[in-house]
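>>> one predicted model, sequence on top.
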2 protein chains.
Amino acid sequence: MSLRIQVATEADRDAVWRIMEPIIRAGETFALPRDMDRDAALAHWFQHDRTVFVAEEGGQVAGTCYLRANRPGPGAHVGNAGFMVASEAAGRGLGETLCAHALASAKAAGFRSMQFNFVVASNERAVRLWQRMGFAIAGRLPGAFDHPSLGLVDALVMFRDL
Amino acid sequence: MSLRIQVATEADRDAVWRIMEPIIRAGETFALPRDMDRDAALAHWFQHDRTVFVAEEGGQVAGTCYLRANRPGPGAHVGNAGFMVASEAAGRGLGETLCAHALASAKAAGFRSMQFNFVVASNERAVRLWQRMGFAIAGRLPGAFDHPSLGLVDALVMFRDL
């Protein structure tokens, strides 16, 4: 299936929300309120400090990611990215493709490294994926995430040079 | 000298900026742009997601801190705080007093733990202070801070239960 990753536009907002909503409602992977509404979620994902990308498979938006500086000023050489993939597109490597795109974009933009601030440790598929993509576990935050079925689980800080 | 810690008001903004400005201009301890202007700095410090406190010594604001949830939703049980002390008040334990106040306030507010996201490793006095206050180094971010004289130095993630 054809895959195209491009900068998101206003016209992609509905598709991005269709990806975000079940992920936010499940509450298992992102530190976002489970009852967050569409406007708040899109305002969060499309904050002005970042570039948002969408991945289209066969003309349908199947995943999204953003890239931004993790901190301003003396921390602005470290990038940060976030990823969401539609459940119906899972298991086909789209997360990996989006991550590779974010890493290449970050390097092209002059970032020296990339940090993920809050990877929920029970999201083992994500942890393994980021490790395959070159990220190391730089920190562990004990019980920092309140999982709806597992209770308090650790969150990981992951980091790699570019 | 009498010490009083209270919630900051509009009337404290000038005093908070007098504390912030030299710290931001020095660029050695906070990931904030060194040329940040007054309005941007105060908007940052007084964001709506937090409570800002000021410590008055002999009627003068000598330090400030904020307390907030580090993340929303399933991460909102972890607190976060930031601290700035006027250079002329340094060395008298005000940082420790402010931190104790933040920890007690966080516990009273129901936070389960406290996380510092970005402690510059070369700021050894701060690292030692937070360790004395019960924080452990939960993560190390290699070269994540661009120090004006030392170049890229590590930043630490520090964490403690409440």
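Nice, thanks for sending it over.
>>> give me the sheet partners of the one helix or strand A:Asp154 maps to and which way each runs.
Taking DSSP states H and E as the definition, one finds A:Asp154 inside strand A:151-161. Paired strands of strand A:151-161, with direction, are strand A:113-120 (antiparallel), strand A:136-147 (antiparallel) (DSSP bridges).
>>> just the ones you listed: most buried one?
Comparing the strands paired with strand A:151-161 by mean neighbour count (mean count of other Cβ atoms under 10 Å in any protein chain shown), strand A:113-120 ranks first with a mean of 22. Just so you know, the C-beta spots here come from the backbone N, C-alpha and C atoms, and that holds for glycine as well.
>>> now that one: mean pLDDT?
The average pLDDT for strand A:113-120 rounds to 98.
>>> touching that strand from outside, list them.
Residues outside strand A:113-120 that contact it (Cβ atoms under 8 Å, 6 or more residues apart in numbering or on different chains): A:28-31, A:70, A:77-81, A:102-103, A:106, A:126-127, A:130, A:135, A:138, A:141, A:144-145, A:147, A:153, A:155-162, B:71, B:75, B:117, B:141-144.
>>> and the strands in chain A?
A:3-7, A:50-57, A:60-69, A:78-85, A:113-120, A:136-147, A:151-161 (DSSP state E).
>>> which residues does A:Thr97 contact?
Residues near A:Thr97 by Cβ under 8 Å, 6+ apart: A:Leu3, A:Ile5, A:Ala55.
>>> next, format those as CSV and append pLDDT.
Output for the contacts of A:Thr97, formatted as CSV (pLDDT from 0 to 100):
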residue, pLDDT
A:Leu3, 90
A:Ile5, 97
A:Ala55, 97
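>>> and A:Phe111, how far from chain B?
Going from A:Phe111 to chain B by Cβ to the nearest Cβ, to the nearest Å gives 11 Å.
>>> residues contacting the closest residue to that residue other than its chain neighbours?
Spatial nearest neighbour of A:Phe111, excluding adjacent residues (Cβ to Cβ, 6 or more residues apart in numbering or on different chains): A:Gly79 at 3.7 Å. Contact analysis of A:Gly79 by Cβ under 8 Å, 6+ apart lists A:Leu67, A:Arg68, A:Ala69, A:Asn70, A:Ala102, A:Ala106, A:Ala109, A:Phe111, A:Ser113, A:Met114, A:Gln115, A:Leu162.
>>> what's opposite A:Gly79 in the beta bridge?
A:Ala69, A:Met114.
>>> from A:Leu103, how far off is it?
8 Å (Cβ to Cβ, to the nearest Å).
>>> just the buried residues of the contacts of strand A:113-120.
A:28-31, A:70, A:77-81, A:102-103, A:106, A:126-127, A:130, A:135, A:138, A:141, A:144-145, A:147, A:153, A:155-160, A:162, B:71, B:75, B:117, B:141-144 (16 or more other Cβ atoms under 10 Å in any protein chain shown).
>>> against chain B, how distant is the closest residue to A:Arg68 other than its chain neighbours?
Spatially, and ignoring its direct neighbours in sequence, A:Arg68 is nearest to A:Arg50 (3.5 Å; Cβ to Cβ, 6+ apart). From A:Arg50 over to chain B the distance is 16 Å, taken as Cβ to the nearest Cβ.
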